[in-house]
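*Asks:* Provide a 3D model corresponding to the input given below.
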Amino acid sequence: EELFGESFLKRGITYTFLAMVGSALFMTRESGPGLNKEFPFQFRLMAKLRTPLLLYVVIPLSFVKWLYAKVRDFIRCFIFDMMATLKLHETKQEAIDAAH
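*Replies:* From the prediction side, this is the model:
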């Protein structure tokens with residue numbers, strides 16, 4: 001079985017989802033004041049899911065987006081600078097050849 005194949009990705013998504021739901025259900029145990037019982041269960045569950053959702057989904061996606069932008073900008077600068085340098089070199093080479 002492939003290490004980073006389709007099944008690996010499916011398992012990762014499944015385990016992440018189960019960890020979020022499990023931690024949310026674990027946090028719904030009333031160990032403190034918590035939310036009032038007058039609120040619907042779905043509202044209380046989503047309020048408890050907020051932290052794991054941020055921790056396991058939003059923050060990693062934000063980091064991946066930031067990393068992608070940094071790598072993209074680095075590659076663009078590297079390639080464009082290299083192309084400009086080569087073009088400048090060719091211009092200087094043509095000037096030297098024309099002088100001889």
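*Asks:* only C-alpha atoms for contact and neighbour calcs from this point on.
*Replies:* Noted.
*Asks:* Give me the buried stretch members for the strand or helix carrying R44, please.
*Replies:* According to DSSP states H and E, R44 maps onto helix 41-53. Neighbour counts over helix 41-53 (16 or more other C-alpha atoms under 10 Å) mark 44-45, 48-49, 52-53 as buried.
*Asks:* Among those, which one lies nearest to I79?
*Replies:* The closest of the buried residues of helix 41-53 to I79 turns out to be L53 (C-alpha to C-alpha; 37.7 Å).
*Asks:* any idea how far S23 is from the closest one?
*Replies:* Relative to S23, L53 is positioned 10 Å away (C-alpha to C-alpha, to the nearest Å).
*Asks:* and what of K87?
*Replies:* Distance from K87 to S23, by C-alpha to C-alpha: 58 Å.
*Asks:* In terms of packing, which of those two has more residues around it?
*Replies:* S23 (15 against 12; other C-alpha atoms under 10 Å).
*Asks:* quick one, what contacts that one?
*Replies:* 49, 52 (C-alpha atoms under 8 Å, 6 or more residues apart in numbering).
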